[in-house]
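Asks: I'll drop the sequence and a predicted model, then ask my questions.
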Amino acid sequence: MGLPIGWFALLFAIVAVCAALGVLPTSMLAGFAVVILIGGLLNWIGGRVPGLRNYGLPTVLCILTPAVLLHFGLFPTSLAETMDVFTDGGQIGFIDLYIASLIAGSILGMPRALLLKAGARIAVPLLGTIVSVFLVIGLIGTALGFGLRESVLFIAAPIIGGGVGAGIVPMSGIYADQMGGDAGAYVAQLIPAVIIANVLTIFCAGIFNGITYKGQQFFLGFNGNGQIVRVEGGADQFKSKPKPTSGAFSVLLVGLTMACTLFLLGTLVAEFVPGIHAYAWTILLAALIKIFGLVPEAFEDAVSTWFAFVSSTLTPALLVGISITYFEFDELGALLSDWRYPVLVVLAVIVAILVSGALGWLVKMYFAETSVAIGMGMTDMGGTGDVAVVSAANRLELMPFLQVSSRIGGALVLLSVSLLIPILG
């Protein structure tokens, strides 16, 4: 968080005393203090565990610990109430602020070359992977008696949906809106698949590094040693440019305003064109704005800067809020008790890795690099998962492409589930 331990302890103690005395209000002010401090503490603990911190432990602690403590009566109810009101989209709505910032900032802040120059080539393995994972997991899940709807919506979709904050959070909202029920129950059903897939994906990335670090070529076009395309050009043209630093406060204000207004525009379109969630419309609108350059570049930079601030400082805060507000602990045990569930999760990761590599090879991309950038980029946890994957695979130069997989791929998955829900029933 950037706070010395002594000062952090003092601030945490103030919140704890307020909660103990019952004077903690259910307000935005108190909500920010509670989720930032609790999220910061759990994120700090997870980041101090060697090895496991590279497998998404900070995220896992933030999303599971508060819910587990609350389930066993070890979490103060006053803190839980404040976090619930603060996070819930139907009340103060911190979750809506985060998602609006995520959608607007990640897409508008993306280099146009990723959408235009590399878009057609990357689209083949990206779209092919999404379709293949949906089809294979759906069919095998049906054959195993797990159910087509459950296999597609609760295993395939969350695994390739972009992680936690960008994936299962908006996905649970879409499910609750279109299928009814509580978003919390959906979060509990979606997150186990993401956690298991993230660990397996990082393990696979390490295997790819182990079999390619000496430049081994098992067949023509297998290993690009970090170069993803088998023709001219590399990843440099796809790197994000430095964020503006002058007039930082005004830049953040513009970014916040643009993100919130774009989300409202998506909500407006959803009102007149029902059947597709407002999140999905916001994604489409952001992509159109970026592709056709409909707003000044300075505005795009501002939204990107705002998102960088939100994602780097408030993600742990959001995750602990989600844990209390949406996570239904009882759902977790019921899912993991069914042997078919982990089998389908493992199969989804394997299908994504192999299909993305094969389709990438067909469009003159290297098999190993495409598997890492597209397949693993979609099945990891996003954010820390992306970093862990490129580190384990020893292919740091592929990070821009993993961002495409997480952002654009995740957005396409959200659009897909919005359209599939009425079909699957």
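Replies: Thanks, I have it.

Asks: Arg53 against Gly47, yeah?
Replies: Yes - Arg53 is within contact range of Gly47, at 5.1 Å (criterion: C-beta atoms under 8 Å). Every residue, glycine included, has its C-beta placed from N, CA and C.

Asks: and the chain, what are its domains?
Replies: The chain breaks down into these domains under automatic domain parsing: 5-95, 96-418.

Asks: and the residue lying closest to Phe218 once chain neighbours are set aside, helix, strand or coil?
Replies: Leaving aside its chain neighbours, Phe218 sits nearest to Ile211 (7.9 Å; criterion: C-beta to C-beta, 6 or more residues apart in numbering). Secondary structure, DSSP: H, G, I helix; E, B strand; the rest coil: Ile211 is helix.

Asks: neighbours around Ile211, how many?
Replies: By the criterion of other C-beta atoms under 10 Å, Ile211 has 13 neighbours.

Asks: and if you look at the one 3 residues further on?
Replies: Applying other C-beta under 10 Å, we find 8 other residues in the vicinity of Lys214.

Asks: over to Val131?
Replies: Neighbours of Val131 (other C-beta under 10 Å): 12.

Asks: tell me which element it falls in.
Replies: Per DSSP states H and E: Val131 is located in helix 119-143.

Asks: quick one: distance of that helix to the chain centre.
Replies: Centre-to-centre, helix 119-143 and its host chain are 18 Å apart (C-alpha atoms, centre = their mean, to the nearest Å).

Asks: what sits up against it?
Replies: With contact meaning C-beta atoms under 8 Å, 6 or more residues apart in numbering, helix 119-143 is reached by 114, 147-148, 150-152, 155-157, 159-160, 229, 340, 344, 347-348, 351-352, 355-357, 359-360, 362-365, 370, 374-375, 378, 401, 404-405, 408-409, 412-413, 416, 420.

Asks: re earlier: tell me how far the residue nearest to Phe218 lies from Pro125.
Replies: 20 Å (C-beta to C-beta, to the nearest Å).

Asks: what of Val372?
Replies: According to C-beta to C-beta, Val372 and Pro125 sit 11 Å apart.

Asks: and the domains of the chain as TSV, adding distance to Leu424 and mean pLDDT?
Replies: Below are these laid out as TSV (distance: least, C-beta to C-beta, whole Å; pLDDT from 0 to 100):
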stretch	distance to Leu424	mean pLDDT
domain 5-95	24	89
domain 96-418	4	84
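
Asks: pick the most buried one from those domains.
Replies: Comparing the domains of the chain by mean neighbour count (mean count of other C-beta atoms under 10 Å), domain 96-418 ranks first with a mean of 20.

Asks: measure it end to end?
Replies: 18 Å (C-alpha to C-alpha, to the nearest Å).

Asks: cool, stretch 382-402 as well?
Replies: The first and final residues of stretch 382-402 sit 9 Å from each other (C-alpha to C-alpha).

Asks: now do that stretch: distance to the chain's middle.
Replies: Computed by C-alpha atoms, centre = their mean, the chain-centroid distance of stretch 382-402 equals 14 Å.

Asks: and stretch 12-31, by the same measure?
Replies: With C-alpha atoms, centre = their mean, you get 30 Å for stretch 12-31.

Asks: just the residues contacting it, thanks.
Replies: Applying C-beta under 8 Å, 6+ apart, the external contacts of stretch 12-31 come out as 33-34, 37, 41, 76, 78-79, 81-83, 85-87, 92, 94, 321.

Asks: tell me the two of these that are most distant?
Replies: Greatest spatial distance in the contacts of stretch 12-31: Leu41 and Ile92, 21.6 Å, computed using C-beta to C-beta.

Asks: which one is Ala102 nearest to, not counting chain neighbours?
Replies: Not quite, residue 102 is Leu, not Ala. Ranked by C-beta to C-beta, 6+ apart and with sequence neighbours excluded, the top spatial neighbour of Leu102 is Ala166, at 5.5 Å.

Asks: quick one: contacts for the one you found?
Replies: Leu102, Ser106, Gly382, Ser406, Arg407, Gly410.

Asks: how about Asp84?
Replies: Asp84 neighbours (C-beta under 8 Å, 6+ apart): Gln91, Ile324, Thr325.
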